[in-house]
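[1] Sequence first, then the predicted structure:
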Amino acid sequence: MRPAHHLNPRLVALVALGGMVGTTGRYLLSEALPSHGGWPVATFVANVVGSFLLGALLEALLRRGTENPRRRAVRLGLGTGVLGGFTTFSSLAIELERLLSHDALLTAATYAVSTLTCGLLACLLGVVVSARHDRRRRACGPDGAVRPASGGTDR
């Protein structure tokens, strides 16, 4: 009997490796996008972009069929690992606390609501983009040519 996913050393290592990649990406983003007027730009961008990518990834995996070992590894390595390390609830919470402690109530409220709203919309957009891509992929043949509509005849 195989261990549960969270006890499988290979899957745990895959998530850890993905997490290292994701946190490195977030660190590089924070170096490239400093805070602007008290607004934590890098964390906002990381969370919104990460939400889009996670929505797209999970929709793509769902449309490929039931989870198998390969899809599980992709979901855990990219979704939980890379995107889990790239996005950050803890930094969001710390930045909100800092804004509140500096009496920047309006900025804190705007940041919190914007992050949640934009993150949700980005995730939904990722799902829609992934679904459309899957429909296009299915409509094209292996050579990339568009298949004729079903039920019709070529004359």
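    All right, it came through fine. Numbers count the residues shown, from 1 in each chain.
[2] who touches residue 127 in this structure?
    By C-beta atoms under 8 Å, 6 or more residues apart in numbering, the contact set of residue 127 is 55-56, 58-59. Quick note: C-beta positions are derived from backbone N, CA and C, even for glycine.
[3] ok, of these, which one's closest to residue 116?
    residue 55 (14.4 Å; C-beta to C-beta).
[4] isn't the closest one right next to residue 121, touching?
    No: contact between residue 55 and residue 121 fails when scored by C-beta atoms under 8 Å: they sit 9.8 Å apart.
[5] okay, the two: which has more neighbours?
    residue 55 (22 against 14; other C-beta atoms under 10 Å).
[6] Work out for me the element the closest residue to that one other than its chain neighbours sits within.
    Excluding its sequence neighbours, the residue lying closest to residue 55 (C-beta to C-beta, 6 or more residues apart in numbering) is residue 126, at 3.0 Å. Applying DSSP states H and E as the criterion places residue 126 in helix 105-139.
[7] what's the burial count for residue 31?
    9.
[8] so what's it scoring on pLDDT?
    Looking at residue 31, its pLDDT is 95.
[9] Could you look up the SS state of it?
    Using DSSP: H, G, I helix; E, B strand; the rest coil as the criterion, the local structure at residue 31 reads helix.
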